[in-house]
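*Asks:* predicted model follows, preceded by the sequence.
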Amino acid sequence: MSMKLTIRRPDDWHLHLRDGAMLRAVLPETTRHFARAIIMPNLVPPVVTGADAAAYQGRILAAIPQGIDFTPLMTLYLTENTDPDDVAQAAKAGLITAVKLYPAGATTNSASGVSDFNKVRDVFERMSEIGLPLCVHGEVTDPEIDIFDREKVFIDRVLDPIRKAHPNLKIVMEHITTEDGVDYVKSADKNLAATITTHHLIINRNHILVGGIKPHYYCLPVAKREDHRLALVAAATSGDARFFLGTDSAPHVDQLKETACGCAGCFSATNTMSCLAEVFEAEGALEHLEAFTSLNGPDFYGLPANEERITLTKGAPVAYPTKINSDEGPVSLFDPGFPLHWVVQ
Ligand code: DOR
Ligand code: ZN
């Protein structure tokens, strides 16, 4: 007998769509299942002003496949020159849903990010006043700090001071990868939540490094040891409203991944719902999948949950393509390393 699960249509609270040919290639992979997504602003050059966000939103809307209902939730890339008035106007106009903080140099296209957090205090204050969430890439960039410790050190050195200085600022810790991240989110009674990616629920650092280097498992923050993955699985599958899905699906053409200095990013838009159903089923927690993918995110952002439903069914293993083609080149799909039995109807 096949198993069936009907849930509200999911949203992706952290997504990279890129631009141009890549945008056109990857967008249908997200819109097939997801109703909305928080769109990361780390283009080259980045999306820094309300005008940039409006233009980028227009390009995304133009690339949505015909007959598909999808809402891109735009973000601004915070720089030390961001104008609080521009942010407030873009928020008031309904153009943006969040502002994204990249510590300068932390990841792909983050050179224009923030080095001196004192320089963005006015923006944080204005965001606190208007209730606009801040999405945070939570890693320090100090070269002295080991890459596997960068999330934990960020919490102590940067995030906790920001939260103490701006207690009314709503913050999403993006793509948490550690038990420290889970514990820190749980320690807060309000204004703090975290997204968790599909791939961080499935891989640990052994998957990247044992038996040969696997460039398609390299992302930032880098996957940590197994204890941390288990803490993420426990948080995601618990139903706790402070944790929700942000795939961080981040396409790079294979040529830029399979090279001496490969880009960070896993592309998981296509098979995320199948992967998550496996993870939740293995935990005996399928009843909490809807909270993670479809309820907790909108709740934190103050948006209604989607009215539409999707149905997942379990059957024989489903074959996904190993690559998505774009005019820039092929993009490999995240390989969970186990068969996927659940498919969205
Ligand atoms: O793995 C990642 N890829 N992490 C990020 O923070 C950025 C992203 C990208 O844009 O490729
Ligand atoms: Zn990202």
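*Replies:* Happy to help now that I have it. Ligands and ions are numbered 1, 2, ... in the order given.

*Asks:* this structure: helices as residue ranges?
*Replies:* Listed in chain order, the helices of the chain (DSSP state H) span 20-31, 50-63, 84-92, 121-130, 150-154, 160-165, 179-187, 205-209, 226-237, 254-257, 272-282, 289-290, 296-301.

*Asks:* now the third one: mean pLDDT?
*Replies:* The reference is to helix 84-92. Averaged over helix 84-92, pLDDT sits at 98.

*Asks:* ditto for the first one
*Replies:* For helix 20-31, the per-residue pLDDT values average out at 98.

*Asks:* list the buried residues for that helix?
*Replies:* Under the neighbour-count criterion of 16 or more other C-beta atoms under 10 Å, helix 20-31 has 22, 23, 24, 25, 26, 27, 28, 29, 30, 31 buried. (C-beta placed from N, C-alpha, C; glycine too.)

*Asks:* surely the first one touches residue 330?
*Replies:* It stands for residue 22. No: the pair residue 22 / residue 330 is not scored as a contact, 11.4 Å apart, by C-beta atoms under 8 Å.

*Asks:* find residues that contact each of those two.
*Replies:* residue 253 (C-beta atoms under 8 Å, 6 or more residues apart in numbering).

*Asks:* can you tell me how far the nearest residue in space to residue 102 that is not next to it in sequence is from ligand 1?
*Replies:* Sequence neighbours aside, residue 113 is the residue nearest to residue 102 in space, at 3.5 Å (criterion: C-beta to C-beta, 6 or more residues apart in numbering). According to C-beta to the nearest ligand atom, to the nearest Å, residue 113 stands 11 Å off from ligand 1.

*Asks:* and residue 113, what's its pLDDT?
*Replies:* pLDDT for residue 113: 91.

*Asks:* give the contact list for it.
*Replies:* Counted by C-beta under 8 Å, 6+ apart, residue 113 has contacts 77, 78, 79, 101, 102, 103, 104, 105, 106, 137.

*Asks:* where does the third one fall, phi/psi-wise?
*Replies:* Phi and psi for residue 79, reported as degrees, to the nearest 10, are phi -120, psi 170.

*Asks:* need the contact list for the closest residue to it other than its chain neighbours.
*Replies:* Nearest non-adjacent residue to residue 79, counting by C-beta to C-beta, 6+ apart: residue 112, 5.1 Å away. If you count contacts by C-beta under 8 Å, 6+ apart, residue 112 has them with 45, 46, 48, 77, 79, 102, 104.

*Asks:* just the ones of those in strands?
*Replies:* Using DSSP state E, residue 77 are the members of these that sit in strands.

*Asks:* drop anything exposed from the contacts of residue 112.
*Replies:* 46, 48, 77, 79, 102.

*Asks:* which members of those are the farthest-apart pair?
*Replies:* For the buried ones among the contacts of residue 112, the farthest-apart pair by C-beta to C-beta is 48 and 102; their separation is 11.4 Å.
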